[in-house]
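**Student:** 3D, please:
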Amino acid sequence: MNTTAIGFASNKVRDVERYYHAMLDQQYGEREVAAMLRCLFEAFLGWDNTQYLLHRSGTVNQSVLLKLHHAAEELRRWRPVQYIVGYSYFAGCRIQVDERVLVPRPETEEMVQGIVDGSLTGSALCATGKPPRIIDLCTGSGCIAVALAKACADATVVGVDLSNDCLAVARANAANNGVDVLFERHDVLRHEELAASMVGGDFDLIVSNPPYVCDSERTAMSRNVTDHEPAAALFVPDADPLCFYRAVAWFGLRRLSPDGFIVVEINENLPQPTLELFKEYGYTASLHRDFRDKPRFIVARHGSAF
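**Tutor:** Okay, here's the model as predicted:
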């Protein structure tokens, strides 16, 4: 196949780069396109960043060139590059992703790191002297549950989601990363049933990155999100945007251990109402900012724990 027939001037890596930037810079921005290229070359050729730089003056074969052409066409249609290659890296884990689950965000990775090292909670995950019991509500791809299980091998970790599709991906991710996580199907919003169904004692950590984007915020979001990522994992009704946090708070009253804590990711536009919700349920709660200095996480504990 002639390279010009699929858009490339030649099979040189630099010509592939020029083609991608000419086609996609206006849509995504130059830096984002460069990051996508590195992701694609890793997936198609196994090149890390160093190998990519070493091979920039080289060539690729026609099979890889065809894959790069098809990937460029998918990117033009706003399909996330993580869905194209089928995975994303998250907190030291390789996480399988496709249109059944959200692409893991760096803010969520920051939350996990803050739990593991104690920078969010004040106590490192594995430093309590006993194996912690952890539940991840609205687990999705299982990235949080898998990463926490990998970081603390003695932990008992449960992941909960309503979607069978999500649970299938989550189970595959646990297996692929060599960790033992119990994934169960439950509706988090039916919190009384959820609390009653959990066996094995209370939890030392309840963590959640639930749906929190208001329906009215859709129009401000990028098409790679709204056109491809699962809406059920993203959006909540404007009339009740804190419904999942209310369920998490209620669940914690029944199943959080006396010295345990809740950590949740939140909508940056609703920090105070979310914080007040936890306080209204009797928790001592604090708001934390992410690496972009946006209000992003809430840590809550039983009021009697302090």
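**Student:** Backbone dihedrals for the closest residue to residue 154 other than its chain neighbours, both of them.
**Tutor:** For residue 154, the nearest residue in space outside its immediate sequence neighbours is residue 131; the separation is 3.8 Å by Cβ to Cβ, 6 or more residues apart in numbering. Yep, even glycine has a C-beta here, placed from its N, CA and C like the rest. Per-residue torsions, residue 131: phi -60, psi 120 (degrees, to the nearest 10).
**Student:** Buried residues, stretch 281-292. List them.
**Tutor:** For stretch 281-292, burial by neighbour count (16 or more other Cβ atoms under 10 Å) applies to 281, 283, 285, 288, 290.
**Student:** Could you tell me how far that stretch lies from the centre of the chain?
**Tutor:** Here stretch 281-292 shows a centroid-to-chain-centroid distance of 19 Å under the convention Cα atoms, centre = their mean, to the nearest Å.
**Student:** picking up where we left off before, list just the nearest of the buried residues of stretch 281-292 to residue 302.
**Tutor:** Lowest distance from residue 302 to the buried residues of stretch 281-292 (Cβ to Cβ) belongs to residue 283, with 6.5 Å.
**Student:** Mind listing the residues bridging to that closest one?
**Tutor:** Taking DSSP bridges as the rule, residue 283 bridges to residue 302.
**Student:** outside of stretch 270-285, which residues touch it?
**Tutor:** Surrounding stretch 270-285, the residues in contact under the criterion Cβ atoms under 8 Å, 6 or more residues apart in numbering are 212, 241-242, 245-246, 249-250, 252-253, 262, 264, 266-267, 286-287, 295, 298-303, 305-306.
**Student:** Report the central residue of the chain.
**Tutor:** With the centre of the chain defined as its mean C-alpha position, the nearest residue by Cα atoms, centre = their mean is residue 104, 2.4 Å away.
**Student:** pretty sure that one is touching residue 93, no?
**Tutor:** No - when contacts are counted by Cβ atoms under 8 Å, residue 104 is not listed as touching residue 93 (9.2 Å).
**Student:** measure residue 15 to residue 223 for me?
**Tutor:** Using Cβ to Cβ, to the nearest Å, we find residue 15 at a distance of 28 Å from residue 223.
**Student:** Of these two, which one has the most company?
**Tutor:** residue 15 (17 against 11; other Cβ atoms under 10 Å).
**Student:** my guess is the more buried one is in a strand, correct?
**Tutor:** No - the assignment for residue 15 is helix, going by DSSP: H, G, I helix; E, B strand; the rest coil, so no strand is present there.
**Student:** hmm, back to that, residues touching the residue nearest to the centre of the chain, list them.
**Tutor:** Contacts were defined as Cβ under 8 Å, 6+ apart; by that measure residue 104 touches 88, 90, 95, 97, 141, 143.
**Student:** out of those residues, which is most surrounded?
**Tutor:** Comparing the contacts of residue 104 by number of neighbours (other Cβ under 10 Å), residue 143 comes first, having 32 neighbours.
**Student:** Can you list phi and psi of it for me?
**Tutor:** When read as degrees, to the nearest 10, the backbone of residue 143 gives phi -60, psi -40.
**Student:** from what I can see it touches residue 108, true?
**Tutor:** Yes - the pair formed by residue 143 and residue 108 meets the contact definition of Cβ under 8 Å, at 7.1 Å.
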